[in-house]
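Asker: Fold the following.
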Amino acid sequence: MAQSFRYADVYDTTNSVWKTVGYLTLGPAGKSVTAIDVSHPSFGDADYNASKLVELLWRKSDTDLPGLNYTWSVPAVAANQLSPRSS
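Answerer: Below you'll find the model as predicted:
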């Protein structure tokens, strides 16, 4: 990993929970972006699980995201609503 770690709190609509998600890039070493769940890494957290400190959520490469080039930039996180809200 050659770039800075960026994280954000993200609402998981599938499980109706908030998660702290970290985003990593490879910088000049590659063309990919990775997301990991770092919601409960500490012993004092309510849902702490020593065998599962972080969880890989997804990894996307230039094959998955056409046009993705070497990921020199620190990842940016933006708000987005992917599914309509129910009324």
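
Asker: quick one: contacts for the nearest residue to Leu65 once chain neighbours are set aside?
Answerer: Using Cβ to Cβ, 6 or more residues apart in numbering and skipping the chain neighbours, the partner closest in space to Leu65 is Val33 (7.6 Å). Where you see a C-beta, it was placed from the backbone N, CA and C, and this is true even at glycine. Contacts here follow Cβ atoms under 8 Å, 6 or more residues apart in numbering; on that basis Val33 touches Tyr23, Leu24, Thr25, Arg59, Lys60, Leu65, Leu68, Thr71, Pro75.

Asker: which two from these end up farthest apart in space?
Answerer: Leu24 and Leu65 (14.8 Å; Cβ to Cβ).

Asker: For those two, indicate the residue with more neighbours.
Answerer: The neighbour comparison of Leu24 against Leu65 (other Cβ atoms under 10 Å) goes to Leu24, with 21 against 12.

Asker: So the more buried one versus Ser42, what's the distance?
Answerer: 20 Å (Cβ to Cβ, to the nearest Å).

Asker: same question, Asp64
Answerer: From Asp64 across to Ser42, the span is 32 Å (Cβ to Cβ).

Asker: the more surrounded of the two?
Answerer: Ranked by neighbour count (other Cβ under 10 Å), Asp64 and Ser42 place Asp64 first, with 11 against 8.

Asker: Thank you kindly, that will do.
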